[in-house]
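Asker: The following block contains a protein sequence and its predicted model.
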Amino acid sequence: MKIRHFIKLFLLGIVTIVLLWVSHRYLFQNQHFQGDRNSANSQLPVSTRVVKHALGETRIPVNPQRIIVLNDVGLLDPVLSLGIKPIGTVSYFPEYDFLFRGVTNDEAAGIEIVGVGNQPNLEKVLLLKPDLILMREYQKSTYKQLSAIAPTVVVDLPGLNYSFKENLRFIAQVLGESEKAEQVIAQYYERVKKLQNLMGERLKEIEVSVINLFGESLIATYSDNETYNQVFQDIGIRLIPTLVNQKEDTLVSSIEVLKKYDADILFVMNDTQELAQTFFKNPLLTTLKAAQNNQVYEVQVNRWWTFGFFGVNKLLDDLFKYLNQP
């Protein structure tokens, strides 16, 4: 009798344990499900819209918060000009003191470097969890990979006729900041008007030339697509005929032909001090009327090679400084 009673108690205990375990598991699963459902409900749908660009159409967030830009002059500078700070970008000049063209290191502080030049690091891009990627047309080989990470829009500078103003307007339209873009452009024209007034009649009298030090014995000149030429046109500054008539986008020449680029004012673009020191010691320089009149000015590539308004305003700073010399 005692044995049977003991067996009953033992079986009752096992049944109780099983029931408690089943109840606990049900409650846990139910709470977990409720938690997931509440979490999903707490994340409201993101508003999106479709943007047309060089490689098709892309649906992007209306107010992107985590933007990566894969170019400095054509993308980083304009986006910063709109008062928006990207989370990531690429650098073209890691070996120099400056990381970007048009934008100083301080102005880009806090922005993660996700690659060098034309080679964005896809792993770094992925880890930053962007909600929008802006890229240039020459980077289209990575478009599919980038689009798999986040909505990606191609900004086609050739398609915008290399206009730094239209470039800003297109990017502003993508980011919903068109009004801000017009404010930035209007401020630019105010500075242009101020410089015109300061120069007065002298503006009609002078011709300028721009060369880039390409090596110890080489110089390069560029077509009117370059932003500094667009700025010259807005101000009313005349380039020498040799540059106006240049057909090539980039023309590399021996320094022996330096004389053909003489002007009332000569701007010498440079990115290394070594090249500048060699150039300014070259006896050919003394044959130029610009040099004889102390009108040869060294300007930095990272200030003049730009497609954005941070860079353009630095360029204007230089013109205010040098074009008002007696």
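Answerer: That came through fine. Numbering: from 1, shown residues only.

Asker: Output the below-cut-off pLDDT ranges for the stretch 51-200 of the chain.
Answerer: When residues are selected by pLDDT under 70, those of the stretch 51-200 of the chain lie in 93-97.

Asker: what's the single longest strand in this structure?
Answerer: strand 207-215 (DSSP state E).

Asker: which neighbours does that one have in its sheet, and in what orientation?
Answerer: strand 218-222 (antiparallel), strand 238-239 (parallel), strand 265-270 (parallel) (DSSP bridges).

Asker: between those strands, which gets nearest to residue 196?
Answerer: Of all the strands paired with strand 207-215, it is strand 238-239 that lies closest to residue 196, at 13.2 Å by C-beta to C-beta. Glycine gets a C-beta too; all of them are placed from N, C-alpha and C.

Asker: residue contacts, the residue most central in space within the chain?
Answerer: With distances taken as C-alpha atoms, centre = their mean, the chain has residue 76 as the residue nearest its mean C-alpha position (2.1 Å). Counting by C-beta atoms under 8 Å, 6 or more residues apart in numbering, residue 76 makes contact with 69, 86, 89, 100, 102, 103, 108, 111, 308.

Asker: Need the three-state assignment for residue 284.
Answerer: Here residue 284 is helix, with the state taken from DSSP: H, G, I helix; E, B strand; the rest coil.

Asker: hang on, the earlier thing: relative to residue 222, how far out is the residue nearest to the centre of the chain?
Answerer: Separation of residue 76 from residue 222 (C-beta to C-beta, to the nearest Å) stands at 21 Å.

Asker: Would you quantify the distance from residue 306 to residue 72?
Answerer: Distance from residue 306 to residue 72, by C-beta to C-beta: 9 Å.

Asker: Give me the common contacts of these two.
Answerer: Shared contacts of residue 306 and residue 72, defined by C-beta under 8 Å, 6+ apart, comprise 101, 102.

Asker: List the beta-bridge partners for residue 53.
Answerer: residue 56.

Asker: shouldn't it be in contact with residue 159?
Answerer: No - judged on C-beta atoms under 8 Å, residue 53 makes no contact with residue 159 at a distance of 9.0 Å.

Asker: Between those two, which has more neighbouring residues?
Answerer: A count of neighbours by other C-beta atoms under 10 Å puts residue 53 above the other of residue 53 and residue 159, at 19 against 14.

Asker: Contacts only, for the more buried one.
Answerer: For residue 53, the contact set (C-beta under 8 Å, 6+ apart) comprises 153, 154, 155, 156, 174.

Asker: And the third one, how far from residue 136?
Answerer: This points to residue 155. 6 Å.

Asker: which helices and strands sit right next to whatever helix or strand residue 299 lives in?
Answerer: Here residue 299, judged by DSSP states H and E, is contained in strand 296-300. Where contact means 3 or more C-beta pairs under 8 Å, 6 or more residues apart in numbering; DSSP states H and E, strand 296-300 is packed against strand 265-270, helix 309-322.

Asker: how much distance is there from that strand to the middle of the chain?
Answerer: 24 Å (C-alpha atoms, centre = their mean, to the nearest Å).

Asker: Ok, stretch 255-262 next?
Answerer: Computed by C-alpha atoms, centre = their mean, the chain-centroid distance of stretch 255-262 equals 33 Å.

Asker: Please enumerate residues in contact with it?
Answerer: Here stretch 255-262 makes contact (C-beta under 8 Å, 6+ apart) with 209, 211, 217-219, 221, 240, 242-243, 279, 282, 284-285, 287-290.
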